[in-house]
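*Asks:* Provided below are the primary sequence and the corresponding predicted coordinates.
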Amino acid sequence: MGRRPPRCRQQPVHFRSRPGRQPSGNVGGTGNPRFRVSAGRMENRAAYAKPVGRRMDAGLIDTDVVIVGAGPAGLATANYLGLAGVRAVIIERNSGTVDEPRAVSIDDESLRSMQTLGLVDQVVARTLPGYGSRYYSPGGREFARVKPTTMEFGYPRRSAFHQPELEAAMLRGLDRFPTIEVWFDHEFGSFYQDADGITVTVRTVDGEQKQLRGAFLAGCDGGRSSIRRAVGATLVGSSFEERWLVFDTVNDFDHTPDSVAYCDHRRPAITLPGFGNTRRWEFIVHPGEDADKFLKPETIAGLLSQYIGDQPIKVIRKVVYTFQARIADRWQDGRVFLLGDAAHLTPPYAGQGLNSGQRDASNFAWKAAAVINGQFGLSLMDTYEIERRAHAWSLIQMAIQIGWVMVPRNWFHTYGQIAFFRFAGLVPKLRDYFLGMKFKPEPRFKEGFLVPDDETPKRTLVGRMVPQPAVATEGGGMDKLDDVMGPGFSLLAIGRAAAAEMENFDHPVWAHLGAERVALVPRDTKVSETARRAAIGDTDLPRKFQPYRGKILLVRPDRYVAAAFTPAHAADTADAVESLIGANLRPPD
């Protein structure tokens, strides 16, 4: 039931620390008002490293991170930790990953995460990329369409996928890392934490108890999370709640390449494309209606008949879901963290439930790795909820708003919104706002591990995900920017002048972070041997980079910008970053 992956030939990525110097625990530095953090200190990784699964005294099994739940959030977290050389054990009560469709939409940010994990090629190969949304009136006339074409982060805004294949790909990805184990048929029991770590008790299906000792516990165990209950967190938020019949078909005769919302207040319905001739259908179940009746084949056939006629199709999964819009009132209890559906429940109208969980995984994992590897103090972990909770809630609110369009309540609601969208189609800015899916909240935070700059809130890249254009590499080929920056921290110089100055940066914080130096410059530019070149034409430079010509961006492992500065202010920014880390990295005089 436990699985020890074979040793990988690829070297794990370590977020480097200067030997012999450990950061203090105060991420915010003395007196920083952004943080309410406790002091803490982790040993340097060189002294801390032990083989995964090693038994300690009193029968404890030693690891770094215990992950409960082998769903998308848990598997992504484990892959990130494996890349950083961190030990982790995944606890999963089932005998394997899911074998039935659940989530059906993966966005550009999640595909970018798969790129970091080295899994994107096999994931993208099994997607239907770049689908949009169409909205139909009760009479069957299209009155609105959303079809984003921009690829700011390197991938289509939305792609259809098959969740069992995504989970299988991430599970196979763990075979690369000797530091990761997956224990299927194991169930979380309890935990105890103290100043030095956390002890987690798990049970096998046969009732055998095991205890693991590590630094952190990540609760990735879904909407009915046992970890959430164990820490006493509760779900709060909107009173929104709806029941829907959801079923998946194969050999469907509807080959529409977009999702379709039939906005009929009598029985709203939604259908979404899937990979490989599959399709998802959803029909609302009104209050007072018998859910069991909707699961009967004759009911499903009757619902489908008005859209595809009497064509025979095969239903491979059917269930009545209760959609909710809720968020945990707290995501952290000491060394315990909630990720994915354990932290938030998102209505499916925006296709953001799984994708929010991927954002949680990338944010949590790089920080956990940095602390365990001795690069940061323990209180860096207090920024996880600060950075993630507000954005997750904004996506829940967006999903409710999209649902308001897809699920009209009455005749007036139905035809009122049809009139609105027809008017919007006559106003170019309003039309482009909806057509380009610009209503989706940007991934952004204003507090956390960052140094604010002087740009306006609308223009600043600090606290935002950095764009990912295609660039020409030193060898003359084309690649995506992240592949040039690498999986850890990076210093990204925008333009020739900034690139020329970057080689003079000698503050020890850059070495402490292990920051890769990358020059985003015109194609005919030569750069120093200390930097990697990412060449791009002036007309191809993303608009968001324009205010940062001549500046350097400090990009975090999760691709968010932590700081932006001119070469003249490099030393001051380095001091500010050093303060955030809570360490004095300069040698004594």
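*Replies:* Now that the structure is in, tell me what you want to look at.
*Asks:* I'd like to know which helix or strand in this structure has the lowest mean pLDDT.
*Replies:* Least confident helix or strand of the chain, by mean pLDDT, DSSP states H and E, is helix 45-48 with a mean of 33.
*Asks:* Could you look up the SS state of Tyr433?
*Replies:* Following DSSP: H, G, I helix; E, B strand; the rest coil, the label given to Tyr433 is helix.
*Asks:* what's the neighbour count on it?
*Replies:* 13 (other C-beta atoms under 10 Å). Where C-beta positions appear, they are placed from N, C-alpha and C, glycine not excepted.
*Asks:* got it, and Trp393?
*Replies:* Trp393 has 20 nearby residues by other C-beta under 10 Å.
*Asks:* Domains in the chain, by residue range?
*Replies:* 44-125+161-236+329-393, 470-581 (automatic domain parsing).
*Asks:* most neighbours per residue, which of those domains?
*Replies:* Comparing the domains of the chain by mean neighbour count (mean count of other C-beta atoms under 10 Å), domain 44-125+161-236+329-393 comes out on top with a mean of 21.
*Asks:* Quick one: distance of that one to the chain centre.
*Replies:* 12 Å (C-alpha atoms, centre = their mean, to the nearest Å).
*Asks:* Quick check: end-to-end length of stretch 496-511?
*Replies:* 22 Å (C-alpha to C-alpha, to the nearest Å).
*Asks:* who touches that stretch?
*Replies:* The contact list for stretch 496-511 (C-beta atoms under 8 Å, 6 or more residues apart in numbering) reads 16, 18, 491, 493, 517, 519-522, 525, 527-528, 530-531, 549-552, 566-567, 570-571, 574-575, 577-578, 581, 585-587.
*Asks:* For it, give the mean pLDDT please.
*Replies:* Stretch 496-511 shows a mean pLDDT of 94.
*Asks:* ok, for Ala576, nearest residue in space, not its chain neighbours?
*Replies:* In this structure, Ala576 finds its nearest non-sequential neighbour in Val451, 4.6 Å apart by C-beta to C-beta, 6 or more residues apart in numbering.
*Asks:* Give me the next element, helix or strand, following the strand or helix carrying Tyr80.
*Replies:* Assigned by DSSP states H and E, Tyr80 falls within helix 72-83. Downstream of helix 72-83, the first helix or strand assigned by DSSP H and E is strand 88-92.
*Asks:* Return the residues in contact with Ser159.
*Replies:* 105-107, 111, 124, 127-131.
*Asks:* just those residues now: which is nearest Ala84?
*Replies:* Checking the contacts of Ser159 against Ala84 with C-beta to C-beta, the nearest one is Leu111 at 20.7 Å.
*Asks:* Am I right that Leu426 sits in a helix?
*Replies:* No: with three-state DSSP as the criterion, Leu426 is coil rather than part of a helix.
*Asks:* Could I get the pLDDT score of it?
*Replies:* 78.
*Asks:* Just give me the neighbour total for it.
*Replies:* Leu426 has 8 neighbours, counted by other C-beta under 10 Å.
*Asks:* how much space is there between it and Gly582?
*Replies:* 55 Å (C-beta to C-beta, to the nearest Å).
*Asks:* ok, now Ile327?
*Replies:* Distance, Ile327 to Gly582, using C-beta to C-beta: 29 Å.
*Asks:* now the helix or strand hosting Arg213 against strand 88-92, angle please.
*Replies:* Assigned by DSSP H and E, Arg213 belongs to strand 209-214. For strand 209-214 against strand 88-92, the angle by axes from the mean of the first three to the mean of the last three C-alpha atoms, to 10 degrees is 140 degrees.
*Asks:* Quick one: list the elements packing against strand 209-214.
*Replies:* Helices and strands touching strand 209-214, by 3 or more C-beta pairs under 8 Å, 6 or more residues apart in numbering; DSSP states H and E, are strand 61-62, strand 65-68, strand 197-204.
*Asks:* wait, which of those strands is closest to Asp360?
*Replies:* Among the helices and strands packed on strand 209-214, the nearest to Asp360 by C-beta to C-beta is strand 65-68 (12.0 Å).
*Asks:* for the most centrally placed residue in the chain, helix, strand, or coil?
*Replies:* The C-alpha lying nearest the average C-alpha coordinate of the chain belongs to Arg359 (C-alpha atoms, centre = their mean; 1.9 Å). Classification of Arg359 using three-state DSSP returns helix.
*Asks:* what's near enough to touch it?
*Replies:* Contacts were defined as C-beta under 8 Å, 6+ apart; by that measure Arg359 touches 109, 113, 388, 391-392, 443.
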